[in-house]
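A.B. asks: structure for the following, please:
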Amino acid sequence: MAFNPLEQRGIPLDRQRRNWRELSVMPIDPDRCDPYTRCRIITMNGIEVEAILFSHQFARHCPDLDVKRRLAEVRYIEAQQQKAVNWLLPGVSSVLETTIAYEQVAVDLTAWVARMEPDPYLKQAYQFGVLEDFDHLYRYANLYEMIEHRKAEEIVDQLTEVMPGRPTQLHHRDPMDNVRDPYDRQTANPLSKLHALTIMSAEQQTMNFYMNVGPTYMEPIARDLYQEIGLIEEEHVTHYESLVDPGETWWEQLVHHEYNECYLYHSFMEQESDQRVKRIWELHLNMELEHLRIACDLMRRHDGRDPEEVLAPELPNVLTFEPNKQYLRELIADQLDLTTLGTGYVREAHERFERMQQQLNGDAKAPSEEVVDRHREMFGRDYRLETEGEHPVPALRQR
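C.D. replies: From the prediction side, this is the model:
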């Protein structure tokens, strides 16, 4: 049945605060959980972090004391939600194990969004980005076996393949070529707005994660790889955030954030296989319904518009974590040699791209290439998980 969050009533805000016992959630078992349960957790952590950071930025630009107080009330609950969600991740997992899960999120979440995106220009933006995250997964998987002597298939299962995508060393572009054209807030499909906010939030969380955990490693090759890919994640956040129309008012953005949280909690509740985690998704959905109601009231009062003007009349089909193997193989075969120029895409290396490559890589190998070379020295071959046959690009097949 169609679900319209604008017609639902959630838990009253004064009943949403939780005590320590309620917030002390039991983490998932990394050896027995559905890999996509972990992906949903990582995704919702990124969504909650974005909600908190957006609310803080809104408060810093808002002169109305009553609005700032209302934002603070909701933001505190969002902070509790973020803690409950992120604390579902197990402490026994290493940083690198969690990193591989982060990249599985980036691959299968972005691939699904690209498949479902109705706008051709936005679809291309997601197709371009996912081939880079696909390669990041491959690089980290090789580092994982080198350092921890375990295989990434223990984390991603058989759900996501691990093999080269667009080579990571070619992701470094002049910053001006990372900025895309935004959608038009007046004409964009409401689903497109949800997609852009979701992928921006997920990539932002990945960027934040890498910039903080990278220096915790002692091995120089690990520190270098996190530094390299961390810089690329900054490029990805620029790439995705520029898709959002900057003409959206603060109130419009606020209702989009709350509506998107309802959309995702509802989606994940519908497909969650872990009943204990599913109850958390359901609880948070009922909290977010009230947050959305509050945001809509603020928009009516201060923006003079009805939220129904900018929001979907009902939730679209649930966002689904599922394998995207064949779709990704098709993209690899067709778009591996793309780079960006201005707000578009080209297949030829151009002057700004070559200058950036020389400034950053120079005559030395990038850490992403070094890690695969060292893996080959240690094990005789690079690490891959190719469940659907040989690599679609002959030049990138296993040596």
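A.B. asks: okay, CA-based contacts and neighbour counts for the rest of this
C.D. replies: OK.
A.B. asks: so where is this structure shaky, pLDDT-wise?
C.D. replies: Along the chain, segments meeting pLDDT under 70 span 1.
A.B. asks: where do the helices sit along it?
C.D. replies: Taking DSSP state H, the helices of the chain run over residues 20-23, 35-60, 65-86, 95-116, 120-148, 153-156, 190-213, 220-241, 250-271, 275-303, 325-335, 351-360, 367-379.
A.B. asks: so which of those is nearest Arg166?
C.D. replies: Across the helices of the chain, Arg166 has its closest neighbour in helix 120-148 (5.5 Å, C-alpha to C-alpha).
A.B. asks: helices and strands around that closest one, which ones?
C.D. replies: helix 95-116, helix 220-241, helix 325-335, helix 367-379 (3 or more C-alpha pairs under 8 Å, 6 or more residues apart in numbering; DSSP states H and E).
A.B. asks: kindly reformat those as TSV containing mean neighbour count.
C.D. replies: Output for the helices and strands packed on helix 120-148, formatted as TSV (neighbours: other C-alpha atoms under 10 Å):
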stretch	mean neighbour count
helix 95-116	23
helix 220-241	21
helix 325-335	16
helix 367-379	17
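A.B. asks: ok now stretch 318-332, how far from the chain's centre?
C.D. replies: Between the centre of stretch 318-332 and the centre of its chain there are 15 Å (C-alpha atoms, centre = their mean, to the nearest Å).
A.B. asks: got the end-to-end distance for that stretch?
C.D. replies: 26 Å (C-alpha to C-alpha, to the nearest Å).
A.B. asks: list of residues touching that stretch?
C.D. replies: With C-alpha atoms under 8 Å, 6 or more residues apart in numbering as the test, stretch 318-332 has contacts from 36, 39-40, 108-109, 111-112, 127, 131, 159-161, 165-166, 263-264, 266-268, 270-271, 388, 391-393.
A.B. asks: in stretch 133-147, what counts as buried?
C.D. replies: 133-146 (16 or more other C-alpha atoms under 10 Å).
A.B. asks: before we move on, what about stretch 156-172?
C.D. replies: Neighbour-count burial for stretch 156-172 flags 156, 159-172 (criterion: 16+ other C-alpha under 10 Å).
A.B. asks: give me phi/psi at the residue lying closest to Thr37 once chain neighbours are set aside?
C.D. replies: In space, and not counting its chain neighbours, Thr37 is closest to Glu272: 6.7 Å by C-alpha to C-alpha, 6 or more residues apart in numbering. Backbone geometry at Glu272, expressed as degrees, to the nearest 10, gives phi -70, psi 130.
A.B. asks: check the gap between Glu272 and Gly10 for me.
C.D. replies: Going from Glu272 to Gly10 by C-alpha to C-alpha gives 21 Å.
A.B. asks: how about Arg139?
C.D. replies: Distance from Arg139 to Gly10, by C-alpha to C-alpha: 43 Å.
A.B. asks: surely Arg399 touches Arg381?
C.D. replies: Yes. Here Arg399 reaches Arg381: they are 7.2 Å apart, a contact under C-alpha atoms under 8 Å.
A.B. asks: give me the more crowded residue out of those two.
C.D. replies: Arg381 (15 against 8; other C-alpha atoms under 10 Å).
A.B. asks: closest to Ile280 out of the helices and strands packed on helix 120-148?
C.D. replies: Nearest of the helices and strands packed on helix 120-148 to Ile280, taken as C-alpha to C-alpha: helix 95-116 at 19.5 Å.
A.B. asks: which secondary structure elements does the closest one contact?
C.D. replies: With contacts taken as 3+ C-alpha pairs under 8 Å, 6+ apart, helix 95-116 sits against helix 35-60, helix 120-148, helix 153-156, helix 190-213.
A.B. asks: go again using 10 Å as the cut-off
C.D. replies: Contacts defined by 3 or more C-alpha pairs under 10 Å, 6 or more residues apart in numbering; DSSP states H and E place helix 95-116 against helix 35-60, helix 120-148, helix 153-156, helix 190-213, helix 220-241, helix 325-335.
A.B. asks: tilt between it and helix 120-148?
C.D. replies: Note on geometry: by axes from the mean of the first three to the mean of the last three C-alpha atoms, to 10 degrees, helix 95-116 and helix 120-148 are set 160 degrees apart in direction.
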